[in-house]
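> any chance you can model this:
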Amino acid sequence: MKIKNVVLSKGLTGFYFDDQKAIRQGNYVENGLAYDGKPVTPGFTSIRQAGESVSVQLVLEDGQVAYGDCAAVQYSGAGGRDPLFLADDYIPLIEKYVVPVLVGRDLTSFRALAEEVDQIKDENGKPLHTAIRYGVTQAILDAAARAQHLTMTEIIVKEYDLELIPEPVKVFTQTGDDRKLNADRMIIKHVDVLPHGLFNNVNKLGKNGEHLKDYLLWLKNRVAELKVDPNYLPDFHVDVYGTIGEAFNNDVEKMGEYVRELTELVAPHTLAIEGPVDCDSKEEQIKLMAALTAYVDKHNIPCKFVADEWCNTLSDIKEFTDAKAGHMIQIKAPDLGGINNSVEAVLYCQQNGTIPYLGGTCNETERSAQITVQVALATRPRQILSKPGMGVDEGLSICTNEMNRTVALLKSR
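Just a heads-up that it's a prediction; the model follows:
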C-alpha cells in the first residue's frame with residue numbers, strides 16, 4: 001500500500017501557548033483567562049496566546065485516509081525547546097520538505113519511514129520543528145496500521161519485537177490552576193494518578209512550601225471523603241516547575257527534608273514530584289537532579305522525582321537516565337519529534353532502571369492524544385498524561401476511551 005496524496009489543514013489545540021519565563025518571573029496581572037504583561041520568550045506576542053496545530057492527512061491508494069496532528073507544548077521556547085509552532089509559518093515547510101518524501105512511498109514499515117522523516121533537514125541543515133516530525137509520524141503510524149489491517153499498537157509491537165499485553169496503562173490527569181474543583185472531578189471518576197497541580201511560581205508553592213503542604217493535606221482528605229470504592233488509593237503526582245529549588249535555594253538537604261515532610265503527610269498515598277528544580281543549563285540540571293535523587297534514596301524518603309525541564313530529546317532522556325537524575329522521566333512526546341523517538345525513549349528507560357512516564361502537553365489535540373495511547377499500550381510506560389486541555393473530563397474521556405476500545409479489540413482477537 002502506497003501513499004497517494006498528503007492533505008494539510010490548520011487546526012486548534014486543546015489549550016494555549018504560555019510564556020513560561022514570563023509567568024515564573026511573576027511580572028503580570030491575571031485578567032480572566034489572559035495574562036496582562038509583556039512576554040519575554042522570543043516569538044510570543046502575548047504571555048498567553050491561542051494554541052495551533054496542523055493536521056496531516058495521508059490519502060492511501062485504496063482511498064483510506066490516515067491522519068495525525070502536528071502540535072507543540074504549552075511552554076514552547078522554554079528549557080531548550082523549539083519555538084512557537086504557528087500553522088501559517090510551518091505549513092509551507094511541510095509542503096516543501098515532507099510532502100515530496102511521502103507521496104508514492106510504500107507502507108511496509110512504520111519504523112523505517114518514521115525514522116527517515118524524523119531525520120529530514122531544512123536548507124540550513126537543521127532538523128524540522130519537533131511539532132512537524134511529531135504529527136507526520138503519527139500519520140505514518142496510522143497509515144501503516146490501516147494498510148496492514150492492524151491496530152497502531154500491534155504495528156509497534158511487531159516492528160519493535162515487543163510483547164503484546166492487552167491491559168490498560170495508568171492515566172495521570174492535571175488540574176491546572178483550578179486545583180480543588182478539578183481534583184473533585186478526578187476523584188469522582190477514580191483517576192489513577194492526580195492532580196499535577198500547576199505550582200508554576202513560588203507564590204503558589206509558598207515561600208517555605210507551605211501552600212503545597214496545605215493542598216496535599218486537603219487532597220488526601222478529599223479522596224477519603226469522595227471515593228466510592230473503599231480500595232481507591234490514587235498516586236499523588238505534583239509538578240512544581242522548579243519552585244522547590246527556588247524556595248530552598250537549591251539546597252539539597254533542605255529540599256530533601258521538605259519532601260520527607262510531604263511524603264509523611266500524604267501517606268499511604270505515594271508521591272511523585274515533577275521538576276523540583278529548574279537550572280539554567282542541562283548540565284546543571286542533571287547534576288542537581290542526580291544529587292537530589294541520591295539524597296532521598298540514601299535517607300529512605302519514599303518520593304519519586306520526575307525529570308522534565310531540559311530533558312526534551314531522546315538523547316537528553318538517555319543522559320538523565322544514565323546519570324540517575326530522577327527516578328522517573330516524563331517523555332514529553334511532542335518535544336521528541338517523531339513518535340518513533342517516544343517508543344525508543346520508553347524502552348531505554350525500562351532497560352536502564354528509570355521509570356518511563358509517557359507525557360505530553362495540554363496543548364495537543366484529540367488525535368495526538370489517541371495515538372499516544374496506542375504507543376503506550378505497545379510500550380507499557382508506568383503512566384500516560386490525560387490530554388488535551390485542562391478541563392479534566394474531556395482529555396480523560398479521550399484517552400480512557402481510546403485505551404479501553406483498543407484493549408477490548410485486542411482481547412477479542
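> how far does the helix or strand where Leu265 lies sit from its chain's centre?
If you go by DSSP states H and E, Leu265 is part of helix 252-266. Per CA atoms, centre = their mean, to the nearest Å, the displacement of helix 252-266 from the mean C-alpha position of its chain is 25 Å.
> which outside residues touch the very next helix or strand once past it?
Once helix 252-266 ends, the next helix or strand along the chain (criterion: DSSP H and E) is strand 271-274. Residues from elsewhere that reach strand 271-274 (CB atoms under 8 Å, 6 or more residues apart in numbering): 193, 196, 216, 235-240, 244, 259, 262-263, 302-306, 308, 327-328, 330. C-beta coordinates here come from the backbone N, C-alpha and C atoms, glycine included.
> please repeat the previous calculation with a cut-off of 7 Å.
235-240, 259, 262-263, 303-306, 308, 328, 330 (CB atoms under 7 Å, 6 or more residues apart in numbering).
> re earlier: quick one: average pLDDT of the helix holding Leu265?
For helix 252-266, the mean pLDDT works out to 98.
> check which helices and strands it sits against.
helix 210-226, helix 243-247, strand 271-274, helix 282-298 (3 or more CB pairs under 7 Å, 6 or more residues apart in numbering; DSSP states H and E).
> the residue of the chain most remote from its centre: what's it in contact with?
The C-alpha centroid of the chain is most remote from Asp62, which lies 34.1 Å away (CA atoms, centre = their mean). Each residue near Asp62 by CB under 7 Å, 6+ apart is listed here: Met1.
> that one: what secondary structure?
Per DSSP: H, G, I helix; E, B strand; the rest coil, the secondary structure class of Asp62 is coil.
> gap between it and Gln370?
22 Å (CB to CB, to the nearest Å).
> kindly report the same for Ala376.
11 Å.
> these two: which is more packed in?
Ala376 (31 against 21; other CB atoms under 10 Å).
> neighbouring contacts of the helix or strand hosting the more buried one?
Secondary structure assigned from DSSP H and E places Ala376 in helix 366-379. Contact partners of helix 366-379, identified using CB under 7 Å, 6+ apart, comprise 67-69, 71, 138, 141-142, 151-153, 156-157, 162, 169, 333, 339, 342-343, 346-347, 358, 360, 384, 387-388, 395, 398-399, 402-403, 406.
> just how off-centre is that helix within its chain?
11 Å.
> show the subsequent helix or strand relative to that helix.
strand 383-385.
> for the helices and strands packed on helix 252-266, could you give me JSON lines that also reports distance to Val54 and mean pLDDT?
What follows is these, written out as JSON lines (distance: least, CB to CB, whole Å; pLDDT from 0 to 100):
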{"stretch": "helix 210-226", "distance to Val54": "37", "mean pLDDT": "98"}
{"stretch": "helix 243-247", "distance to Val54": "33", "mean pLDDT": "97"}
{"stretch": "strand 271-274", "distance to Val54": "28", "mean pLDDT": "98"}
{"stretch": "helix 282-298", "distance to Val54": "29", "mean pLDDT": "98"}
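> hmm, back to that, by pLDDT, give me the weakest of the contacts of strand 271-274.
Where pLDDT dips furthest among those: Asp308, at 93.
> so that one makes contact with Ile331?
No: in this structure Asp308 lies outside contact range of Ile331 using CB atoms under 7 Å: 9.9 Å.
> neighbour-wise, which of the two wins?
Ranked by neighbour count (other CB under 10 Å), Asp308 and Ile331 place Ile331 first, with 33 against 28.
> which residues touch the more buried one?
By CB under 7 Å, 6+ apart, the neighbours of Ile331 are Ile317, Ser342, Ala345, Val346, Pro356, Tyr357, Leu358, Gly359.
> wasn't the fifth one part of a strand?
Yes: assessed with three-state DSSP, Pro356 lies in a strand.
> so where's the stretch 101-250 of the chain uncertain?
Across the stretch 101-250 of the chain, nothing is flagged by pLDDT under 70.
> can you give me the strands in it?
170-172, 193-196, 235-239 (DSSP state E, counting those that start in this stretch).
> closest to Gly26 out of those?
With CB to CB as the measure, strand 235-239 is the member of the strands of the stretch 101-250 of the chain nearest Gly26 (17.6 Å).
> ok, and what's touching that closest one?
172, 192-194, 196-199, 212, 216, 219, 266, 269-275.
> dump stretch 340-355 to PDB, restricted to CA.
Taking C-alpha atoms only, stretch 340-355 is exported to PDB below (Å, rounded to 0.1, in the frame of the first residue of the first chain):
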ATOM      1  CA  ASN A 340       9.400   6.600  17.000                       C
ATOM      2  CA  ASN A 341      11.600   8.500  19.400                       C
ATOM      3  CA  SER A 342       9.000   8.200  22.100                       C
ATOM      4  CA  VAL A 343       8.900   4.500  21.600                       C
ATOM      5  CA  GLU A 344      12.700   4.300  21.900                       C
ATOM      6  CA  ALA A 345      12.700   6.500  25.000                       C
ATOM      7  CA  VAL A 346      10.200   4.300  26.900                       C
ATOM      8  CA  LEU A 347      12.200   1.200  26.000                       C
ATOM      9  CA  TYR A 348      15.600   2.800  27.000                       C
ATOM     10  CA  CYS A 349      14.200   3.900  30.400                       C
ATOM     11  CA  GLN A 350      12.800   0.400  31.000                       C
ATOM     12  CA  GLN A 351      16.100  -1.200  30.100                       C
ATOM     13  CA  ASN A 352      18.200   1.100  32.400                       C
ATOM     14  CA  GLY A 353      16.300   1.300  35.600                       C
ATOM     15  CA  THR A 354      14.300   4.500  35.200                       C
ATOM     16  CA  ILE A 355      10.500   4.700  35.300                       C
END
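> who are the packing partners of the longest strand seen in the chain?
Once the chain is assigned using DSSP state E, the strand that runs over the most residues is strand 3-18. Applying 3+ CB pairs under 7 Å, 6+ apart, one finds that strand 3-18 contacts strand 48-60, helix 87-93, helix 99-102.
> and the longest one, which residues are buried?
In other words, strand 48-60. Arg48, Gln49, Gly51, Glu52, Ser53, Val54, Ser55, Val56, Gln57, Leu58, Val59, Leu60 (16 or more other CB atoms under 10 Å).
> what are the contacting residues of that strand?
Identification of contacts with strand 48-60 by CB under 7 Å, 6+ apart yields 1, 3-13, 15-18, 34-35, 65-71, 85-87, 90-91, 94, 102, 135-136, 139, 143, 146-147, 363, 365.
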